[in-house]
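Everything below, folded, please.
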Amino acid sequence: MARPRRKNPYLAVARRYIDQHLPEFRGTVLQVHQLDGPPDAPRYAVTAELCTADACPHQIPAEDSAAGRCDVAVCPLRHTVRLLFDHDGSVVQVTRSDLHWR
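Below is the predicted model:
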């Protein structure tokens, strides 16, 4: 039988940061990505996306955009926040944009 997946500790830190500093992103789906780079570079990125469209002009279903599965790279109706974490789990950079981070 397979082991249950361990929850990424950066998700809890990111959720707490978003709840405190970015209340418009409360309840959004968070996606964690491990980053490559030199030893002093950020190690993880956590992204949250929020679509403000009532009816998507790109015909993306609302449940897909809410889950971060929108394929449109740049959309003025999307609000995105990307948190970069260092190896110790501290937020080192916050980027707001309309990009779909992959």
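
Now do the helix or strand bottoming out on mean pLDDT in the chain: which elements does it pack against?
The weakest-scoring helix or strand in the chain, judged by mean pLDDT, DSSP states H and E, is helix 62-66 (a mean of 76). Counting contacts by 3 or more Cβ pairs under 8 Å, 6 or more residues apart in numbering; DSSP states H and E, helix 62-66 is packed against strand 44-51. C-beta coordinates here come from the backbone N, C-alpha and C atoms, glycine included.

Show me what the strand it packs on is packed up against.
Contact here means 3+ Cβ pairs under 8 Å, 6+ apart; on that basis strand 44-51 packs against helix 9-21, strand 30-34, helix 62-66, strand 78-85.

Pick the most buried one from these.
For the helices and strands packed on strand 44-51, the largest average neighbour count (mean count of other Cβ atoms under 10 Å) is found in strand 78-85, namely a mean of 21.

Neighbouring strands of the helix or strand that that one is followed by in the sheet, and parallel or not?
Elements were assigned by DSSP states H and E; along the chain past strand 78-85, the next helix or strand is strand 91-97. Counting by DSSP bridges, the strands paired with strand 91-97 are strand 78-85 (antiparallel).

Could you check the angle the partner strand makes with strand 44-51?
170 degrees (axes from the mean of the first three to the mean of the last three Cα atoms, to 10 degrees).

ok, residue 68 to residue 43 distance?
Distance, residue 68 to residue 43, using Cβ to Cβ, to the nearest Å: 21 Å.

which regions of the protein lie under the pLDDT threshold?
1, 102 (pLDDT under 70).

ok, now which ones touch the closest residue to residue 46 other than its chain neighbours?
Among residues not flanking residue 46 along the chain, residue 14 sits closest, at 4.0 Å (Cβ to Cβ, 6 or more residues apart in numbering). The contact partners of residue 14, by Cβ atoms under 8 Å, 6 or more residues apart in numbering, come to 30, 32, 46, 48, 83, 85, 91.

hey, what's the fourth one bridged with?
Just to be clear, that refers to residue 48. residue 30, residue 81.
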